[in-house]
Each structure stands twice: as C-alpha cells, then as structure tokens.
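Participant: Need a 3D model of the following:
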Amino acid sequence: MDRRRQWSAVCAVLLLSALLAVASSQSPPKVRAAKPAAPRPTTRPARRPSIKPPAPKPPVQKPSSPAPRQTPRPSASPAPKPPSPPAASPASKPPPAAPAPTQKPSPPPAPKPSPPTPSPPPPAQKPSAPLAPPPASAHNSSPSSSLGLSPSFYALSCPGVELAVSNVVRSASTLDPTIHGKLLRMVFHDCFVEGCEASVLIQGNDSERTDPANLSLGGFNVIDEAKRLLEAVCPSTVSCSDIVVLAARDSVTLTGGPWVPVSLGRRDSLVSLASNVRRSIIDTGFSVDAMVASFASKGLTMDDLVTLSGGHTIGSAHCGTFRERFQQDVNGSMVPVDGTMNTDYANELVRTCVASATATVDCDEGSAATFDNRYFSNLLDGRGLLRTDAVLVQNATTRATVAAFAQSQESFFRSWASSFARLTSLGVKTGSDGEVRRLCSSANG
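Facilitator: Residues are numbered from 1 along each chain as shown. Just a heads-up that it's a prediction; the model follows:
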C-alpha cells in the first residue's frame, strides 16, 4: 500500500509537471505577443502583423480617409500606441507622406490655374477687337487688302467721306432719277480701262472721255460736286477714284440693292488716253466667248461676267447702242436679227426708236429704277436689251447662272458683293503711285 501511494504521488507529480510544462509552452507566445507593444525590440514587429489581423484593415481605411495625417490620431486613442507613433511613424510613414504632397499639388494646379487662364484671354481679345475690324474687313475683299486698301483708310484724315458722298448722290437723284445707272456705268468704264484710277474723269483732247464708247457717259457733275465738298472739309485727302467707287456703291444701295463695304485708299492717275479705251472696254456686239476672254485678262471669272452684267438692272441705253440687233425687211420695216428676242418686246423697241432717234430705253423692262434680279428673269424671257445681255442665255454655262439669279435675288446680291469688290480692285494705284487730284477733271499742275 505504501508503494502504491508513493507511485500515485510520483504519478501525480509527473502529471502536474507535465501539465505545467504544457501550460508553460502555451503561455509564452501569449505573453510575448502582448509584450512587443510596450518594449521596442526590432525583432518583434515581424510578429505584429501575424498576431494583429485588424492592423492591416486600419491602413486600408486610413488611405481612404481624406488625409493620411488624420489616421494616426484616431488610432492614437488606445494607450499602447501613443509611444509607437514617434518610433514607427518616421520609419513607416515617409512613403505615405510622399504621395500625399504629390496628390495635393496636382489637383490645385489642374483645376484652379485653369479658370484664371481662360479668363485673361477673353479680355485680351476684346480690347484688340476694335483694332481688328479694319484689317478683318479689308480681308473680306482679298484683292483690295493685298493692294494696301482699307475700309478705314480715311478714318482719321477724313472720317465723314462716305456720308458726304452718299448725301451728294441722294441729292442728285432727286433732280435726275436716272443718275444711279449713270454712276454705276461710270465705274465700269473707269476700272476696265487702265484700272480704277479716275482716268475717265479727265477732260482734254485725246482723253478717255473723247472715245465714242464714253461719249454717252453721265454723272460727272455728281463726282465733281462730291469732290468740291470734300476739298472744303479734307483738302487734298480723298482721291477722285475713291469717290467714283463710293458713288457707284451708293447708287446700288439707294435703288434697293445690297450695301457693299468697299476698301479705300486709291490714288488718281496722271494721264488719260483715248487709245486705251477701245482695246479694254466691252463692246455691245461681243459674244460670250469674247466677253469671257476680256474678263479673264483682268483676273475676273465667268461668274463675275454674269453677276456684273446684272448692273444693267438699273439705267437706260440710247437706241444707237442696240441698232445692230435690227434690220429692215423687204417692206422697209425694222425686224429683230435675233430670232430669240421676244416678239412683243422687239415691236416695242422699234416703235420707241423710230419715233425718236435720240430716245433711250430702259435696260431692265419694268424695273429700271430698282436694283433687283428681274433683269435675269427678263433675259430668260427673251427681253434682253443689248446683244451682250441676250447672249448670256445662249451659252449653257452662263445660262445656268442667269437662271440661278432669276430664282434667287439673295444669291445674286451675295455674288454682287464679291464681284463688285474684285471689279473695284482692278489696276489701283496706291502709296506714292499716282496722286490725289485737287480737281477731278484734270491732273494737278
């Protein structure tokens, strides 16, 4: 019995020591897990991630928070972690600190500098806008701008020039309702011969005005009156060639046509020769091909030919200008040579011209006092007065343009603005070339 008790005691002791050994083997990791938080050994941080699964989650939430610096403060609320931030934060938080500054500067420069940058440009462009119109409008008529002309040429030297010319033309039309057609015809005869330099205004032997093609021109008194007025206000400033162009433009506008901005700054020629007229002017007996060739020699197109022929919508012509369109038959009666002429229209012309050899006939029947597209409708109806009018519908290409203008007055007006700008840019003199005449009918002595 004593031996059994001794063995039982020994077994109990062994069992107790075994239990203590087992207990001691399990407890050390727990104690070690708690101790690394308080001491600061360098070898124990490796075990922290294994023991603290929640630790990785807070870092995931911390970067998502608005600022990385605020994350350590909520985590600092537990007692063990206030000491850890000073030691661990310098080592572990330089990487987050680097992205933080990089992210913050990037947003401010992107959105905030961008609003200020667009705002300065608009004000910068607006002050320049008042200065831009002169060049911009000059560029609208590319031929003029390349020649040094500008709509604002007289803005400082004679700002009222356009109003003055317009008032003179308007006053003249109250005395002579046909003056608009005369002034429009004058710019054609001036620009087609040696360019738009007022050579057609000079009087004298063998001047352009003495050529038969120019004997029926009218409106010289209006140009002279406008020049006298401008010389009183702006002496030796406004050229006669600019006055001719402005008077023609205003004649179109005052009869219902489009207002066309014109570039100014032309100078006047020193000479005028009748020998230059016949080789340059369009003769009333020209065919389409002949007119196209004449226009092309001056840099003008077939569309310009049809468009500028539309200037015949205002004005009239003497019977002698279309006499070749009629001949006598065996009975001595005048009949049209061209079978395409409307019969009723031909009979009206015969009656008018037989009654008076000096009579004049409206170029655009039924609408000679209004600048419109009826001229083209009359052509399609066989009621073109001059041969140069009638042949426009006998060519397939020009007839198509005539039909388009007859259908749309707006289209005609648009084309007129462009073609008129090109016409009035032919052969201009600028700068030191030419002169500004004191009297339009003679060169300066």
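Participant: For residue 381, give me its contacts.
Facilitator: Shown in contact with residue 381 (CB atoms under 8 Å, 6 or more residues apart in numbering): residue 342. Glycine gets a C-beta too; all of them are placed from N, C-alpha and C.
Participant: let's number from 139 now, not from 1
Facilitator: Okay, residue one is now 139; in that scheme the one you just asked about reads as residue 519.
Participant: how much space between it and residue 459?
Facilitator: For residue 519, the distance to residue 459 equals 20 Å [CB to CB, to the nearest Å].
Participant: Could you do residue 311 as well?
Facilitator: Distance of residue 311 to residue 459, given as CB to CB: 23 Å.
Participant: Ok, residue 358 next?
Facilitator: 19 Å.
Participant: next one: residue 299
Facilitator: From residue 299 to residue 459 the distance is 34 Å (CB to CB).
Participant: got it, and residue 513?
Facilitator: Computed as CB to CB, the residue 513 to residue 459 distance reads 16 Å.
Participant: These two - which one has more neighbours?
Facilitator: Neighbours were counted for residue 513 and for residue 459 using other CB atoms under 10 Å; residue 513 has more, 27 against 20.
Participant: Which positions within whichever strand or helix holds that one qualify as buried?
Facilitator: For residue 513, the element it lies in under DSSP states H and E is helix 512-518. Going by neighbour count (16 or more other CB atoms under 10 Å), the buried part of helix 512-518 is 512, 513, 514, 515, 516, 517.
Participant: now those as a markdown table including pLDDT?
Facilitator: Rendered in a markdown table, the data for those read as follows (pLDDT from 0 to 100):
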| residue | pLDDT |
| --- | --- |
| 512 | 97 |
| 513 | 97 |
| 514 | 98 |
| 515 | 97 |
| 516 | 97 |
| 517 | 97 |
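Participant: any idea which of those residues is closest to residue 398?
Facilitator: The nearest member of these to residue 398, counting by CB to CB, is residue 513 at 17.7 Å.
Participant: my read: the closest one touches residue 450, true?
Facilitator: Yes - Residue 513 is within contact range of residue 450, at 5.8 Å (criterion: CB atoms under 8 Å).
Participant: what sits in contact with each of the two?
Facilitator: Common contact partners of residue 513 and residue 450 (CB under 8 Å, 6+ apart): 501, 502, 527.
Participant: Quick check: residue 414 touching residue 332?
Facilitator: Yes - if you go by CB under 8 Å, residue 414 and residue 332 touch, sitting 5.4 Å apart.
Participant: and the two? which has more neighbours close in?
Facilitator: Using other CB under 10 Å, the more surrounded residue of residue 414 and residue 332 is residue 332, with 20 against 16.
Participant: dump the residue contacts of that one.
Facilitator: Each residue near residue 332 by CB under 8 Å, 6+ apart is listed here: 407, 414, 418, 565.
Participant: can you pick the most crowded of those residues?
Facilitator: Greatest neighbour count in those, by other CB under 10 Å, goes to residue 407: 27 neighbours.
Participant: Against residue 519, how distant is the closest residue to residue 298 other than its chain neighbours?
Facilitator: Sequence neighbours aside, residue 371 is the residue nearest to residue 298 in space, at 6.9 Å (criterion: CB to CB, 6 or more residues apart in numbering). Residue 371 is 48 Å from residue 519, where distance means CB to CB.
Participant: could you pull out the strands for the chain?
Facilitator: 454-456, 464-466, 472-474, 498-500 (DSSP state E).
Participant: Relative to residue 375, which of those strands is closest?
Facilitator: strand 454-456 (34.6 Å).
Participant: and that closest one, what does it pack onto?
Facilitator: Secondary-structure packing of strand 454-456 (3 or more CB pairs under 8 Å, 6 or more residues apart in numbering; DSSP states H and E): strand 498-500.
Participant: what's in contact with the strand it packs on?
Facilitator: With contact meaning CB under 8 Å, 6+ apart, strand 498-500 is reached by 453, 454, 455, 456, 457, 460, 487, 490, 491, 506, 523.
Participant: I'd like to know how many residues surround residue 475.
Facilitator: 11.
Participant: and it, what does it touch?
Facilitator: Residue 475 touches 462, 463, 464, 465, counting by CB under 8 Å, 6+ apart.
Participant: Pull out the buried members of these.
Facilitator: 463, 464.
Participant: tell me which of the contacts of residue 475 is nearest to residue 396?
Facilitator: Nearest to residue 396 among the contacts of residue 475, with distances taken as CB to CB, is residue 463, at 30.9 Å.
Participant: show me the contacts for the closest one.
Facilitator: For residue 463, the contacting residues are 474, 475, 476, 479, 524, 525, 528, by CB under 8 Å, 6+ apart.
Participant: From residue 564, how far off is the last one?
Facilitator: As defined by CB to CB, residue 528 lies at a distance of 26 Å from residue 564.
Participant: Kindly report the same for residue 341.
Facilitator: 23 Å.
Participant: Could you check which of the two is surrounded by more residues?
Facilitator: Higher neighbour count among residue 341 and residue 564: residue 564, with 19 against 14, using other CB under 10 Å.
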